[in-house]
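*Asks:* Quick one, fold the following:
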Amino acid sequence: MKEKASIVAFLLLVFSAGVVFAQSEMSVTVQQTQVRDRPSFLAKSLATVSYGDRLAVLGSQSGWVHVKVPKSGTDGWVSASALTEKKIVFEAGASNVDKNASSSEVALAGRGFNKEVEAQYKSANDLNYTWVDKMQTFGVPTKDLVAFMDAAGLKFGNGGDR
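*Replies:* Predicted structure coming up:
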């Protein structure tokens, strides 16, 4: 009986180890995003990953995914909104066409619009995107944002402490 229990315990251990070591992967769905040292938009950036890059998933927490970048071995956190489980394939006519990125997914990769999609919307709807284009050039350095939040007594929530 002890021998049977030992075998069952051994098999459970082997199965558990297999589950732990079976890593899933996710693809980056935005033009570029940062791999951060903590699950926070204000955390230090460790690496930059680009559209279509595959990342090994190590875990998740509050809207963030703990990943490992295969190319560099860097591990850190990426916002779950920048990732998909779907593998993004770039070659036209690839054998797994059903997994290729659609034209709308490619357009969304760079924050929703690319030049062609914007031009199409402008011509069809007589819209002016001048100020939208200008706003996209604005940026605030992270250190300035942190200083502002500290001065105002603000806390950064839903995604990790800063």
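
*Asks:* right, and the helix or strand after the strand or helix carrying Thr33?
*Replies:* Secondary-structure element containing Thr33, defined by DSSP states H and E: strand 32-36. Downstream of strand 32-36, the first helix or strand assigned by DSSP H and E is strand 45-50.

*Asks:* Quick check: what element follows that following strand along the chain?
*Replies:* Counting by DSSP H and E, the next helix or strand C-terminal to strand 45-50 is strand 54-61.

*Asks:* in its sheet, what does that next one sit against?
*Replies:* Each strand that pairs with strand 54-61, with its direction, by DSSP bridges: strand 25-28 (antiparallel), strand 64-68 (antiparallel).

*Asks:* what helix or strand does Asn128 sit in?
*Replies:* Assessed by DSSP H and E, Asn128 sits outside every helix and strand.

*Asks:* Next, work out how far apart it and Leu55 are.
*Replies:* For Asn128, the distance to Leu55 equals 38 Å [Cβ to Cβ, to the nearest Å]. Bear in mind the C-beta positions are built from the backbone N, C-alpha and C, glycine included.

*Asks:* do the same with Ser79
*Replies:* Relative to Leu55, and taking Cβ to Cβ, Ser79 is found at 12 Å.

*Asks:* Give me the more crowded residue out of those two.
*Replies:* Of the pair Ser79 and Leu55, Leu55 is the one with more neighbours under other Cβ atoms under 10 Å, namely 26 against 17.

*Asks:* what are the bridge partners for the more buried one, then?
*Replies:* On the basis of DSSP bridges, Leu55 is bridged to Met26.

*Asks:* i'd like the first residue to be 7 from this point on
*Replies:* With the count now opening at 7, the last piece we talked about shows up as Leu61.

*Asks:* what sits against it?
*Replies:* With contacts taken as Cβ atoms under 8 Å, 6 or more residues apart in numbering, Leu61 has the following neighbours: Glu31, Met32, Ser33, Val34, Val55, Val71, Val73, Lys74, Val75, Pro76, Val84, Leu89.

*Asks:* Just the buried residues of those residues.
*Replies:* Taking 16 or more other Cβ atoms under 10 Å as the criterion, what is buried in those is Met32, Ser33, Val34, Val55, Val71, Val73, Lys74, Val75, Val84, Leu89.

*Asks:* and which of the residues you listed is nearest Val138?
*Replies:* Val34 (23.6 Å; Cβ to Cβ).

*Asks:* check contacts around the closest residue in space to that closest one that isn't next to it in sequence.
*Replies:* Nearest residue to Val34, sequence neighbours excluded (Cβ to Cβ, 6 or more residues apart in numbering): Asp59, at 4.6 Å. Contact partners of Asp59, counting by Cβ under 8 Å, 6+ apart, are Ser33, Val34, Val75, Lys77.
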